[in-house]
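**Student:** take this sequence and fold it.
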Amino acid sequence: MTEPVLLLHPDDTVGVALRPLAAGDAVRGVRVRGPVPAGHKVALRDVAPGAAVTKYGQFIGSATTGIVAGEHVHTHNLGYEEGPRNAVTAPAAPPTTPTESLAYQGFRRADGRVGTRSYIGILTSVNCSATVAKLIAEACRGMPDDGVDGVVALTHGTGCGLADDGDGLAILRRTLAGYARHPNIGGLLVLGLGCEVNQLDGIDLPDDRPVVPLTIQELGGTAATVRAGVAAVAAMRAEVAATRRTDVPVSELVLGLQCGGSDGYSGLTANPALGVAADLLVAHGGTAILGETPEIYGAEHLLAARATDDGVVRRLMTRVDWWRGYVDRHGGSLDHNPSPGNRAGGITTILEKSLGAVAKGGASPLTAVYEYAEPVTARGLVFMDTPGYDPVSATGMVAGGATVLAFTTGRGSVFGCRPAPSIKLSTNSELYRRMPDDIDLDCGGIADGSAGLADLGRRVFDLVLDVASGRRTRSEDLGFGAEEFVPWQLGAVM
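**Tutor:** Modelled structure (predicted):
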């Protein structure tokens, strides 16, 4: 692109700087009045105090002072407030009949689902058993490479000190059950202390794979439990390793769509490229999970316009309304969501962030809405109610059945999510050059014109299939994915 400022919609009051701008630069018929960092917004017309500022053809906030064309537009002159959700026409759905028949190499489980990895998991009922779980996993590191992807301790910070009924315990147990039954888990230890609120017999465990429950107090303490755990893992390895990869249709794939450390390029490059990949997956009969409800706020009408029926719209809006009430009860605002890093990268308000984040969902019809960690059974593009906090959101998607995650980042994320591999997509090429060991694919070429959106989206899709077939991601090579298991914790801690 020769123009250094990108205009996303002809009616927008701002454009996005594709390179750092200096005072005096001529862009789109205006003179820049001061420095504007790359990824940040520059005013393309005068805006009166209190008047709407628009990007993507949508309201992103109001001018807190008069803005002159050519000025940098950010937190010093743009504020969050409720504004209009501009009416949209649902985009044409992508083709439902693919022109090619594609497969990947996956692990077909007894329940019919297909995994992309084959781990032995150590799932804890309570934080009190976390260290013992990690000791067992560490003791198993020297076991032979026999087709098992590894032994992963999935520990968390709750399980006791909470009510023995209500949403807190229900969500935790639903999350643990989702991981226990996950197709990327070939065998399982479930480890409890013994006196916790979240007793082992309250977790819905599978009966179609090796599952061994262990209770530290009953076994005689830490050392005895570690010995028992190592022996149990050794005994189940042969059975887990017996399931091998086989050709399966792409329709079996469940892809989680995640973003973190977003910047001003996220909604221009990596997010829409991932949206293209999600549409390709849906066209082949697969499933893509969009989430992070606080990060669709202000863009929920775009999803509602694509819903397959009124029931899907109602369920979506119910979850958005729940979040409004949730932050109100805690004296907060949904505009507290953009992090300091988001704002440093050029994102000013939650409305702006959401309009870019929703691009991960592509243009496919929205077929279903799920609560946190609910099993995802529908095909196509679905939505799951998750927080915007990356590890909590991804944990819910994996518990729901995501077998691969695609994770866009503009500031730089070092996230991983075993047992599901996490593919890192950079929104800008500078990040790719700065953190090459953490990024799987650079999408920055869309901004500078060196790559087309459709071609980059296809590259993302092909990478997803390669990873589903066993190609290791950067985060897997670095060993990420155990500490990032973070179930959503609701309710009083007592």
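**Student:** where does the protein dip in pLDDT?
**Tutor:** Residues of the chain that meet the criterion pLDDT under 70 lie in 1, 87-97, 99.
**Student:** domain ranges for it, per the record?
**Tutor:** Split into domains by automatic domain parsing, the chain comes to 5-79, 119-241, 247-478.
**Student:** ends of the first one, how far apart?
**Tutor:** For domain 5-79, the first-to-last residue distance is 22 Å (C-alpha to C-alpha, to the nearest Å).
**Student:** tell me how far it is from the chain's mean position?
**Tutor:** 29 Å (C-alpha atoms, centre = their mean, to the nearest Å).
**Student:** repeat that for stretch 485-494.
**Tutor:** On the basis of C-alpha atoms, centre = their mean, stretch 485-494 sits 19 Å off its chain's mean C-alpha point.
**Student:** please apply the same query to stretch 216-234.
**Tutor:** 35 Å.
**Student:** now the strands for the stretch 101-250 of the chain?
**Tutor:** In the stretch 101-250 of the chain, the strands defined using DSSP state E, counting those that start in this stretch lie at 103-108, 114-115, 119-124, 150-154, 185-192, 211-215, 246-249.
**Student:** a markdown table please, covering the ones you listed and showing mean neighbour count and distance to D11.
**Tutor:** C-beta coordinates here come from the backbone N, C-alpha and C atoms, glycine included. Converted to a markdown table, the strands of the stretch 101-250 of the chain look like this (neighbours: other C-beta atoms under 10 Å; distance: least, C-beta to C-beta, whole Å):
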| stretch | mean neighbour count | distance to D11 |
| --- | --- | --- |
| strand 103-108 | 20 | 42 |
| strand 114-115 | 23 | 45 |
| strand 119-124 | 27 | 50 |
| strand 150-154 | 24 | 48 |
| strand 185-192 | 26 | 49 |
| strand 211-215 | 19 | 57 |
| strand 246-249 | 14 | 43 |
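**Student:** let me know which of those strands is the nearest to D442.
**Tutor:** Nearest of these to D442, taken as C-beta to C-beta: strand 103-108 at 23.0 Å.
**Student:** how distant is that closest one from the center of its chain?
**Tutor:** The answer for strand 103-108 is 22 Å, by C-alpha atoms, centre = their mean.
**Student:** give me the sheet partners of that strand and which way each runs.
**Tutor:** In the sheet, strand 103-108 lines up against strand 114-115 (antiparallel), strand 246-249 (antiparallel) (DSSP bridges).
**Student:** could you check the angle that strand makes with strand 185-192?
**Tutor:** 40 degrees (axes from the mean of the first three to the mean of the last three C-alpha atoms, to 10 degrees).
**Student:** for strand 103-108, which outside residues touch it?
**Tutor:** Strand 103-108 has contacts (C-beta atoms under 8 Å, 6 or more residues apart in numbering) with 114-118, 183-184, 186, 243-250, 252-253, 403, 465, 468-470.
**Student:** G147 reaches S118, doesn't it?
**Tutor:** Yes. Counting by C-beta atoms under 8 Å, S118 is a contact partner of G147 at 6.9 Å.
**Student:** more crowded one of those two?
**Tutor:** Neighbour tally, G147 and S118, criterion other C-beta atoms under 10 Å: the higher count belongs to S118, 24 against 16.
**Student:** mind listing what the residue most central in space within the chain touches?
**Tutor:** In the chain, the residue lying closest to the centroid (C-alpha atoms, centre = their mean) is Q258, at 2.1 Å. Residues near Q258 by C-beta under 8 Å, 6+ apart: 291-292, 360, 390, 393-394, 397, 405-408, 422.
**Student:** and those as TSV, adding neighbour count?
**Tutor:** Listed next are the contacts of Q258 as TSV, based on neighbours: other C-beta atoms under 10 Å:
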residue	neighbour count
G291	29
E292	30
K360	31
D390	22
S393	28
A394	28
M397	28
L405	26
A406	31
F407	27
T408	33
S422	28
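**Student:** any idea which of those residues is closest to S262?
**Tutor:** Using C-beta to C-beta, T408 comes nearest to S262 of the contacts of Q258, at 7.4 Å.
**Student:** contacting residues for the closest one?
**Tutor:** Residues counted as contacts of T408 (C-beta under 8 Å, 6+ apart) are 258-260, 262, 266, 270-271, 274, 360, 425-427, 443.
**Student:** what's the spacing between L18 and S450?
**Tutor:** Per C-beta to C-beta, to the nearest Å, L18 is found 12 Å from S450.
**Student:** and what of P144?
**Tutor:** 45 Å.
**Student:** and if you look at P338?
**Tutor:** The value you get for P338 to S450, if C-beta to C-beta is used, is 29 Å.
**Student:** and for G361?
**Tutor:** 25 Å.
**Student:** of these two, who's got more company?
**Tutor:** It is G361, of G361 and S450, that has more neighbours when counted by other C-beta under 10 Å, with 27 against 11.
**Student:** show me the contacts for G150.
**Tutor:** Taking C-beta under 8 Å, 6+ apart, we find G150 in contact with 119-120, 418.
**Student:** just curious, which of those is nearest to G70?
**Tutor:** Closest to G70, out of all of these and judged by C-beta to C-beta, is R418, at 48.5 Å.
**Student:** wasn't the closest one part of a helix?
**Tutor:** No. Applying DSSP: H, G, I helix; E, B strand; the rest coil, one finds R418 to be coil, outside a helix.
**Student:** now the closest residue to it other than its chain neighbours: how far from V464?
**Tutor:** Leaving aside its chain neighbours, R418 sits nearest to G481 (3.1 Å; criterion: C-beta to C-beta, 6 or more residues apart in numbering). Using C-beta to C-beta, G481 is found at 17 Å from V464.
**Student:** and if you look at E484?
**Tutor:** Distance from E484 to V464, counting by C-beta to C-beta: 19 Å.
**Student:** with L490 instead?
**Tutor:** Per C-beta to C-beta, L490 is found 32 Å from V464.
**Student:** rewinding a little: distance to E476 added to the strands of the stretch 101-250 of the chain, as a markdown table?
**Tutor:** Converted to a markdown table, these look like this (distance: least, C-beta to C-beta, whole Å):
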| stretch | distance to E476 |
| --- | --- |
| strand 103-108 | 16 |
| strand 114-115 | 15 |
| strand 119-124 | 11 |
| strand 150-154 | 9 |
| strand 185-192 | 16 |
| strand 211-215 | 25 |
| strand 246-249 | 21 |
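**Student:** re earlier: who's more crowded, G481 and V464?
**Tutor:** In this view G481 and V464 are compared by other C-beta under 10 Å, and V464 has more residues nearby, 28 against 23.
**Student:** wait, a helix at that one?
**Tutor:** Yes. When three-state DSSP is applied, V464 is found to be in a helix.
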